[in-house]
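Participant: okay, sequence plus prediction incoming.
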Amino acid sequence: MATDSWALAVDKQESTTDSVSLNVSYYDRPFTCHSCLVEDKAAQSLLNKMIHTSLVNTTNQVEVLQRDPNSPLYSVKTFEELRLKDELLRGVYDMGFNRPSKIQENALPMMLAEPPQNLIAQSQSGTGKTAAFALAMLSHVDPANKWTQCLCIAPTYELALQTGKVIEQMGKFYPEVKLAYAIRGNKLDRGTKLQEQIVIGTPGTVLDWCSKLKIIDPKKISIFVLDEADVMIATQGHQDQSIRIQRMLPNECQMLLFSATFEDSVWKFAERVVPDPNIIKLKREEETLDTIKQYYVLCNDKDEKFTALCNIYGAITIAQAMIFCHTRRTAGWLSAELTKEGHVVALLSGEMTVEQRAAIIERFREGKEKVLVTTNVCSRGIDVEQVSVVINFDLPMDKDGNADNETYLHRIGRTGRFGKRGLAVNMIDSKHSMNILNQIEEHFNKKINKLDTDDLDEIEKISN
Ligand SMILES: Nc1ncnc2c1ncn2[C@@H]1O[C@H](COP(=O)(O)OP(=O)(O)OP(=O)(O)O)[C@@H](O)[C@H]1O
C-alpha cells in the first residue's frame, strides 16, 4: 500500500523549519530523504485500475513490430472476427464491450495465432490490456484438461485480485474453466495437484507452487503472462522470481508481457523473459502546453494566495479544478478554507488508503465535487482528464528545490486534452518560487504572463 513517505518527509521538514524561523522559506533547503522518493508504483497502478471503470479515450498511435513479416497482421474490428468461443463472446458483450480497443485489436490476433506468438505490449493504464490477455488465456485453455495451463503473475496481492476479477467476469458463461489465486494466505499442501486451468498470483507464491510445493507442473504451462512489468521490476526480488518461473516453462510456452510504461529497465527485463517477441506500443498522446493559457499571480504569503484563488473563483466559471499543494498540511488547510467559503471540495490526502483515494477520485470524475485539492505525491501518475483549470498553489519542484518540469507538464498538460483550451495559474509567494517559475518558462520556452487577481476585468478576460 502507499506509504506516501515523501509527503511525510516534506511535512516533517516543514514543521522543523517552522520552529527555526518563520521568515526562512523551507524551500531554501534541499531535502535529505532521498530514499523517501521511491514511488509506490503498485499503489499508483492499482489506483488507476480502480478509477478506470471504462476505457480511456485515446487517439494514440499504435506501433507494431512483427517478428514474422510474412504473416501480415490482420486487423480485427469486431470481436466476432476473432472467432472467439460463443461463451467468451457472451462474456465480452455482457461486460459492455462493443468492439476491441486499439491494443486489443492489435494484440489479440497475435495472442490467438497458431502457432503461438510471443508478445511485449505497452500502453497506458486503462487502455484494455488486462481484458486482452484475460481473453487470450480463456481462449487457449482446454477445460477438459484438469491441470494448470495458463499462469499469470502480477506484482501485488491486490493487483492479482483485480486481474482475477476480470478473468472471472469474462469467463462468466464458461464455467468449466476454473481460476485459482496463488497469493499469500492461500495455503495448499505440498503435492496437491491443482485442477484449475488458470492461475493468477504473485511471483513468490507462484514460484513456490511451481517448485517447492509442486502444486503446478510448470512443464504443462502453455501461456505465461507477466502483467504490470514496470511495477514488477521495481522490486528486485520479483524480477528474479519472474525469471526463475520463466526458466521452468517449456520452450514452446507462449510468453506475454504487459506494461504501462517502457523505460530502459522494463525493456531489458522484457527481453530476458520474452524470447523473439512481437512488440506493440501504443504511443501516449504527447502532452503539450500549446493549448493552455498559463499565468502567474504574485502574492506575499499563503493567505494572499488564498485570496487570489477566491478572486479567480469569483470572476470566472470554473467547471472543475485541481489544486496542487506541496505539503499535506497546506492541502488540508486550503481545503478547509475553501469549504468555509462554500466550495464543494475533495481532498486527496497522504494518509488515505488506496481504496479511499480511488473513491475520492472517482467522485471527482463523476463531478460530485468541483475542486480537488491534492499534493503531488498523492496524485502522481493518476489520470484525471476532464479538469479545465489547474492551480499550482505551490509550484512543483524536485528534491533539490529546482523546478520539476516533468511534473509541471503532467499537471498542466492534461487540462488541454481533446483540443479543449485549458487554464493554468501559478501562485508565487517567494523569490524561490519565482525562480522556479522562471526555470519552467525557460525549459518550455514559453512566457507565462502575470495576472492581477485584484482586477476582476482582467481575470474575466483570461477565461474567454
Ligand atoms: N473493448 C472494450 N470496450 C469497452 N470497455 C473496455 C474494453 N476493454 C476494456 N474495457 C474497460 O476499460 C477499463 C480499462 O481496461 P483494462 O483494465 O483492461 O485496462 P489496462 O490497460 O489493463 O489498465 P491497467 O494498466 O490499469 O491495468 C476496464 O473498466 C475495462 O472493463
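Facilitator: All right, it came through fine. Worth saying up front: this structure is predicted, and the values here are computed from it rather than measured. Numbering: from 1, shown residues only.

Participant: contacts, neighbours, all on C-alpha from now
Facilitator: Fine.

Participant: wait, does stretch 82-99 contact the ligand?
Facilitator: Yes. Under the criterion of C-alpha under 6 Å from any ligand atom, stretch 82-99 makes contact with the ligand via 97, 98, 99.

Participant: using the three-state scheme, assign the first one.
Facilitator: Taken by DSSP: H, G, I helix; E, B strand; the rest coil, the conformation at residue 97 corresponds to coil.

Participant: for residue 197, give me the pLDDT.
Facilitator: We have a pLDDT of 97 for residue 197.

Participant: ok, now residue 126?
Facilitator: 80.

Participant: where's it relative to residue 256, distance?
Facilitator: 18 Å (C-alpha to C-alpha, to the nearest Å).

Participant: ditto for residue 44
Facilitator: 22 Å.

Participant: neighbour count winner among those two?
Facilitator: Comparing residue 44 with residue 256 by other C-alpha atoms under 10 Å, the one with more neighbours is residue 256, at 25 against 21.

Participant: for the more buried one, phi and psi?
Facilitator: phi -130, psi 130 (degrees, to the nearest 10).

Participant: do the same with residue 450
Facilitator: Torsion angles, degrees, to the nearest 10, at residue 450: phi -80, psi 140.

Participant: does it touch residue 424 like I think?
Facilitator: No. With contact defined as C-alpha atoms under 8 Å, residue 450 does not reach residue 424; the gap is 11.7 Å.

Participant: more crowded one of these two?
Facilitator: It is residue 424, of residue 450 and residue 424, that has more neighbours when counted by other C-alpha under 10 Å, with 25 against 13.

Participant: for the ligand, what's its nearest residue on the stretch 201-350 of the chain.
Facilitator: Per C-alpha to the nearest ligand atom, residue 260 is where the stretch 201-350 of the chain lies closest to the ligand, at 5.4 Å.

Participant: tally of neighbours for that residue?
Facilitator: Counted with other C-alpha under 10 Å, residue 260 comes out at 22.

Participant: what does residue 257 give?
Facilitator: 25.

Participant: partners of the helix or strand it falls within in the sheet?
Facilitator: Residue 257 is part of strand 254-259 when elements are defined by DSSP states H and E. Strand pairing for strand 254-259, determined by DSSP bridges: strand 119-122 (parallel), strand 223-226 (parallel).

Participant: which of those strands has the lowest mean pLDDT?
Facilitator: When these are compared on mean pLDDT, strand 119-122 scores lowest, with a mean of 93.

Participant: wait, does the helix or strand following it contact the ligand?
Facilitator: The helix or strand immediately downstream of strand 119-122 is helix 129-140, counting by DSSP H and E. Yes. Using C-alpha under 6 Å from any ligand atom, we find that helix 129-140 touches the ligand at 129, 130, 131.

Participant: hey, C-alpha coordinates of helix 129-140 in PDB?
Facilitator: Extracted as PDB, the C-alpha positions of helix 129-140 are listed here (Å, rounded to 0.1, in the frame of the first residue of the first chain):
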ATOM      1  CA  LYS A 129      -4.500  -4.700 -21.700                       C
ATOM      2  CA  THR A 130      -6.000  -6.800 -18.900                       C
ATOM      3  CA  ALA A 131      -9.100  -7.600 -20.800                       C
ATOM      4  CA  ALA A 132      -6.900  -8.500 -23.800                       C
ATOM      5  CA  PHE A 133      -4.800 -11.100 -22.000                       C
ATOM      6  CA  ALA A 134      -7.700 -12.400 -20.000                       C
ATOM      7  CA  LEU A 135      -9.400 -13.200 -23.300                       C
ATOM      8  CA  ALA A 136      -6.300 -14.800 -24.600                       C
ATOM      9  CA  MET A 137      -5.900 -17.100 -21.600                       C
ATOM     10  CA  LEU A 138      -9.600 -18.000 -21.600                       C
ATOM     11  CA  SER A 139      -9.500 -18.800 -25.300                       C
ATOM     12  CA  HIS A 140      -6.500 -21.100 -25.000                       C
END
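
Participant: for that helix, give me every contacting residue.
Facilitator: For helix 129-140, the surrounding residues in contact (C-alpha atoms under 8 Å, 6 or more residues apart in numbering) are 84-85, 88, 103-104, 107-108, 111-112, 123, 150, 163, 166-167, 170-171, 177, 198, 223, 225, 227, 258.

Participant: 6 Å - rerun?
Facilitator: Under the criterion C-alpha atoms under 6 Å, 6 or more residues apart in numbering, residues 104, 167 lie in contact with helix 129-140.

Participant: buried residues in that helix?
Facilitator: If you call a residue buried by 16 or more other C-alpha atoms under 10 Å, then helix 129-140 has these buried ones: 129, 130, 131, 132, 133, 134, 135, 136, 137, 138, 139, 140.

Participant: compute the inter-axis angle for that helix and strand 254-259.
Facilitator: With axes from the mean of the first three to the mean of the last three C-alpha atoms, to 10 degrees applied, the angle from helix 129-140 to strand 254-259 works out at 170 degrees.

Participant: you'd agree residue 219 is in a strand?
Facilitator: No. Counting by three-state DSSP, residue 219 falls outside a strand, being helix.

Participant: number of nearby residues for it?
Facilitator: Neighbours of residue 219 (other C-alpha under 10 Å): 15.

Participant: phi and psi next, for the closest residue in space to residue 344 that isn't next to it in sequence.
Facilitator: Distances taken as C-alpha to C-alpha, 6 or more residues apart in numbering place residue 369 nearest to residue 344, at 5.6 Å, with adjacent residues excluded. Dihedral pair for residue 369: phi -120, psi 150, per degrees, to the nearest 10.

Participant: tell me the pLDDT of residue 369.
Facilitator: 90.

Participant: what is the burial count for it?
Facilitator: 19.

Participant: which element is residue 243 on?
Facilitator: Going by DSSP H and E, residue 243 is in helix 236-248.

Participant: which residues touch that helix?
Facilitator: With contacts defined as C-alpha under 6 Å, 6+ apart, helix 236-248 is touched by 203, 207, 218, 232, 233.

Participant: try it again at 7 Å.
Facilitator: Contact with helix 236-248 is made by 203, 204, 207, 218, 219, 232, 233, 273, as judged by C-alpha atoms under 7 Å, 6 or more residues apart in numbering.

Participant: mean confidence (pLDDT) on that helix, please.
Facilitator: Mean per-residue pLDDT for helix 236-248: 93.

Participant: show me which positions of it end up buried.
Facilitator: Under the neighbour-count criterion of 16+ other C-alpha under 10 Å, helix 236-248 has 238, 239, 241, 242, 243, 245, 246 buried.

Participant: nearest to residue 191 among those?
Facilitator: residue 245 (17.8 Å; C-alpha to C-alpha).

Participant: would you map out the domains in the chain?
Facilitator: The record's domain parsing of the chain by the TED database lists 41-282, 292-463.

Participant: run the chain-centre distance for stretch 311-324.
Facilitator: 26 Å (C-alpha atoms, centre = their mean, to the nearest Å).

Participant: apart from its neighbours in sequence, what residue is nearest the residue of the stretch 201-350 of the chain closest to the ligand?
Facilitator: Residue 260's closest residue in space is residue 124 (C-alpha to C-alpha, 6+ apart), at 4.5 Å.

Participant: separation between the one you found and the ligand?
Facilitator: Look at residue 124 and the ligand: by C-alpha to the nearest ligand atom, to the nearest Å, they are 6 Å apart.
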